[in-house]
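1. All I have is the shape, not the residue letters:
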């Protein structure tokens, strides 16, 4: 019995808990204006409805690596990692930090403010990503942990991408039907 779905945080955004034990590497789908408190929402492939809302320091890192045009970030990849030492209101609450970015010249670092008068170096690695993503592999990887809605959207996207490859399209349908029966039987 796979219990991983029982520990996913119920939230409208990515949280520290999502990256506390394992990093997330994903492609940026869109960058949009947020609200006064969190002015930037970054939508990631595979995390529909749960955007990454970077802190001011992490926005500085992203701008340092990719420039200040958020729309130019679409299609680029990043790795997000949990940092338990992130503080809010003087209490360690944990936070999400950018660990690696694609489309940068090399590894880089920035000095970031962590509290009044205190700055620390934040290092970012160059993320190497393969340019070609196999749609069947993408779907297979995500179907394992998908809920029914995510499974349907993922299959729709995959079947469109595999329209000219009937053998892989049949395999995707097999994966879809197997996972759907698991979800409906649970």
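-> Received, thanks. Values in this document were obtained by computation on a predicted structure and should not be read as measured data.
2. Just name the shakiest helix or strand of this protein by mean pLDDT.
-> Among the helices and strands of the chain, strand 87-88 carries the lowest confidence by mean pLDDT, DSSP states H and E, at a mean of 78.
3. what pairs with that strand, and is each one parallel or antiparallel?
-> As defined by DSSP bridges, the strand partners of strand 87-88 come to strand 91-92 (antiparallel).
4. Can you give the distance from the strand it pairs with to the centre of its chain?
-> A distance of 24 Å separates the centroid of the chain from that of strand 91-92, by Cα atoms, centre = their mean, to the nearest Å.
5. what about it, average pLDDT?
-> Mean pLDDT, computed over strand 91-92, is 84.
6. that older thread, and for the least confident helix or strand of the chain, what's in contact with it?
-> 93, 95, 114-115 (Cβ atoms under 8 Å, 6 or more residues apart in numbering). For every residue, glycine as well, the C-beta is placed using N, CA and C.
7. now that we have those residues, which one has the most neighbours?
-> residue 95 (20 neighbours; other Cβ atoms under 10 Å).
8. Once you drop chain neighbours, what's closest to that one?
-> Spatial nearest neighbour of residue 95, excluding adjacent residues (Cβ to Cβ, 6 or more residues apart in numbering): residue 86 at 3.0 Å.
9. ok, the helix or strand harbouring residue 112: who's next to it in the sheet?
-> For residue 112, the host element (DSSP states H and E) is strand 108-115. As defined by DSSP bridges, the strand partners of strand 108-115 come to strand 118-126 (antiparallel).
10. Which positions within the strand it pairs with qualify as buried?
-> Of all the residues in strand 118-126, those buried under the rule 16 or more other Cβ atoms under 10 Å are 122, 124.
11. Following the chain onward from that strand, which element is next?
-> helix 135-143.
12. To what extent is residue 171 buried, counted in neighbours?
-> Residue 171 has 16 neighbouring residues, counting by other Cβ under 10 Å.
13. thinking it is in contact with residue 135, fair?
-> No - under the criterion of Cβ atoms under 8 Å, residue 171 makes no contact with residue 135, lying 10.6 Å away.
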